[in-house]
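This is a predicted model, with the sequence first.
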Amino acid sequence: MSYEEVILDHWRHPRNKGRLPQPDAAALEANPLCGDVVRIELKVSEGKVAEARFEGEGCAISQAAASLLTELVQGKPLAEAAALTDDDLLGALGGVVRTRLSCALLPLRALRKALAGLRGGTPPGEKL
Amino acid sequence: MIGARIRDDFPLLRRTVHGKPLVYLDSAATSLKPEAVIEAEAAFYREVGANVRRGVYELGAEATERYEGARAKVAALLGARPDEVVFTRGTTEALNLAAWALGETIVEPGDEVLVTEMDHHANLLPWQELVRRKHARLSAVAVTAEGELDLEDFRRKLSPRTRVVALPHASNVLGTINPVSEAAAAAHEAGAVVVLDAAQSVPHMPVDVRELGVDLLAFSGHKALGPTGIGVLWGRGELLRELPPLLVGGEMVREVWLTWARYDDPPARFEGGTPPIAQAVGLGAAMDYLQGIGMAEVRRHGERLTALALAGLLARPEVTVYGPKDPSRRGALVAFNLRGIHPHDVATLLDREGIAIRAGHHCAQPLHRRLGIPASCRVSFHVYNTEDEVAQFLDALDRVVKELS
């Protein structure tokens, strides 16, 4: 038994959890089948992710992945953040069992949606 | 009494999962199959293989014999006549057929269909479609805080416009065994037809359709130690004769002209196209297997394991159990949650120890909404499960709690 140490660590001690006062980009993604919800918020400065935060509820994997993702994109140029692949995140999580991929990748969907909104100039997304 | 040797009959129990012996606690989703069922299905292909009903040659006659033999075995288990047993692809198709046929026959605009808050989606969506098609109304009997049907609410919602009452015999989440004969009597008094989703009861306890007093009853082969792809709609003979088919085409018809056709009598009328013949034969073998143990003994075994699991779960303060606390009022399953831990995490961590449990909404989203939770964990049992497996599950659950809280 046991999740990878990195998942347990982020689940027990989430990083960058909370809301930004005035995010430049934000998006919410949910998995209605299991009730997992993740909202990603970004502050952008000079073409880079100046600050990333997440908020959400759900299983350990989805919430740990969201926490880890905020660390991964911190300080990254927007293009690099947008180019982050599924495997990048899964690798950083130390591997995720195949039956739970949709949980692990939920925050990445939110990130991509937030970044797409930023490029399209649409205002930050739905409320959590 | 069911002993440990029964496990030798189920080849899947010989395999390991993640290097651990399999502890299969998801029989409410689908049961394991005994060798006798696997062999009966394979033997049909090896020894007979032909299509049913139309063969003039020997193999065709043998195929029809095995297929109709399986029907007779199902009928015997249900206390029914063989011509009242319609083979379908499963419970879902059986309930879709029931809703379609009743909609075409007895439901007019403004009429009502009464379901329950604890119905599986398979016994909810066909009725949603029916009321949309017929401009009728759908209402649902409430579930009490104890997870039982609110019979007062049931009587309140029964009206002279109620044409159909559809309910589960045993809830696939709460486990609750509903007072079907009482509900059926009240429904009949109001002039309604009673449709029973027996997917969680027929595989686990004695079910006699006359005693229950319902009009139509559906169950799946694969939850009853039988193959996938085969299920049953039982119907009271006089009612079945009045109902139109859902699937029209070959094998269900007497006389066909270019512009009209005269359909066969039940059950053939409802079995358009080549049926799942080998699967039906496999289901027949499953009926034999269950009858060999005796449904009363199957029930006793399931109740014993459920009582153990319930007691163990209720003794743990971090566990919330859904449904009745009395094992004699439940089917062989228990749904629960661990405080602060998502059901999917519980299921994934148990899986790593070779323990297979279900986590999710179990195709009962309205019920989970009623319970105020997005999902739950569920353990369920059948004849091959043991008291030792229940103990292993409870021990492993403690490790999950230690790991994630």
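Yes, it's here. Being a predicted model, the structure only gives us computed values, none of them experimental.

Helices of the stretch 101-250 of chain B, start to end?
Taking DSSP state H, counting those that start in this stretch, the helices of the stretch 101-250 of chain B run over residues B:125-134, B:151-157, B:180-189, B:209-212, B:237-240.

Which among those helices is found nearest to B:C363?
helix B:125-134 (9.8 Å; C-beta to C-beta). Backbone N, C-alpha and C define where each C-beta goes, glycine included.

And the closest one, what's buried?
B:L125, B:P126, B:W127, B:L130, B:V131, B:K134 (16 or more other C-beta atoms under 10 Å in any protein chain shown).

now, which of those residues sits nearest B:V298?
Closest to B:V298, out of all of the buried residues of helix B:125-134 and judged by C-beta to C-beta, is B:P126, at 28.5 Å.

hang on, the earlier thing: could the helices of the stretch 101-250 of chain B go into a markdown table alongside distance to B:G302 and mean pLDDT?
A markdown table is the format used below for the helices of the stretch 101-250 of chain B (distance: least, C-beta to C-beta, whole Å; pLDDT from 0 to 100):
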| stretch | distance to B:G302 | mean pLDDT |
| --- | --- | --- |
| helix B:125-134 | 28 | 98 |
| helix B:151-157 | 25 | 97 |
| helix B:180-189 | 18 | 98 |
| helix B:209-212 | 19 | 97 |
| helix B:237-240 | 30 | 98 |
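
right, and the ones you listed - which one's nearest chain A?
Closest of the helices of the stretch 101-250 of chain B to chain A is helix B:125-134, at 16.1 Å (criterion: C-beta to the nearest C-beta).

Show me what the closest one packs onto, helices and strands only.
The contact analysis (3 or more C-beta pairs under 8 Å, 6 or more residues apart in numbering or on different chains; DSSP states H and E) places helix B:125-134 against helix B:91-105, strand B:112-116, strand B:137-141, strand B:162-168.

Name every strand pairing with the second one and say which way it goes.
What that stands for is strand B:112-116. Its sheet considered, strand B:112-116 pairs with strand B:137-141 (parallel), strand B:162-168 (parallel) by DSSP bridges.

Tell me which of those strands sits most buried.
strand B:162-168 (a mean of 25; mean count of other C-beta atoms under 10 Å in any protein chain shown).

how about the strands of chain A, start to end?
Assigned by DSSP state E, the strands in chain A fall at A:25-31, A:36-45, A:48-57.

among the ones you listed, which is nearest B:A72?
Of those, nearest to B:A72 by C-beta to C-beta is strand A:25-31, at 46.2 Å.

For the closest one, name the packing helices and strands.
Against strand A:25-31 (3+ C-beta pairs under 8 Å, 6+ apart) you get strand A:36-45, helix A:101-120.

So which of these is nearest B:A145?
The nearest among the helices and strands packed on strand A:25-31, by C-beta to C-beta, is strand A:36-45 at 26.9 Å.

Compute the inter-axis angle for that closest one and helix A:101-120.
Using axes from the mean of the first three to the mean of the last three C-alpha atoms, to 10 degrees, one finds that strand A:36-45 and helix A:101-120 are set 30 degrees apart in direction.

what about residue 10, how many neighbours?
The chain I'm using is chain A. The number of residues packed near A:H10 is 25, by other C-beta atoms under 10 Å in any protein chain shown.

nope, chain B
21.

Please look at it and B:P34 and confirm they touch.
Yes: when contacts are counted by C-beta atoms under 8 Å, B:F10 is listed as touching B:P34 (5.7 Å).

Which part of the stretch 201-350 of chain B gets nearest to chain A, residue-wise?
Residue nearest to chain A within the stretch 201-350 of chain B: B:H342 (3.4 Å; C-beta to the nearest C-beta).

With the flanking residues excluded, which residue is spatially nearest to that residue?
A:C59 (3.4 Å; C-beta to C-beta, 6 or more residues apart in numbering or on different chains).

where does the stretch 201-350 of chain B dip in pLDDT?
Along the stretch 201-350 of chain B, the model assigns pLDDT under 70 to no residue.

what does chain A have sitting close to chain B?
Chain A comes close to chain B at residues A:1-3, A:8, A:11, A:33-36, A:58-61, A:97, A:99-100, A:103, as judged by C-beta under 8 Å from any C-beta of the partner chain.

Can you add mean pLDDT and distance to B:V164 and give the strands of chain A back as CSV?
Shown next, in CSV, are the strands of chain A (pLDDT from 0 to 100; distance: least, C-beta to C-beta, whole Å):
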stretch, mean pLDDT, distance to B:V164
strand A:25-31, 95, 34
strand A:36-45, 96, 36
strand A:48-57, 96, 39
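
Let's have the ones you listed in a markdown table, adding mean neighbour count.
As requested, the strands of chain A are exported to a markdown table (neighbours: other C-beta atoms under 10 Å in any protein chain shown):
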| stretch | mean neighbour count |
| --- | --- |
| strand A:25-31 | 22 |
| strand A:36-45 | 23 |
| strand A:48-57 | 20 |
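
For A:P77, find the nearest of these.
strand A:48-57 (5.4 Å).

Tell me which other helices or strands the closest one touches.
Applying 3+ C-beta pairs under 8 Å, 6+ apart, we find strand A:48-57 packed against strand A:36-45, helix A:60-73, helix A:78-82, helix A:101-120.

Most tightly packed of those?
It is helix A:60-73: most buried of the helices and strands packed on strand A:48-57 by mean count of other C-beta under 10 Å, with a mean of 25.

Fine by me, thanks again.
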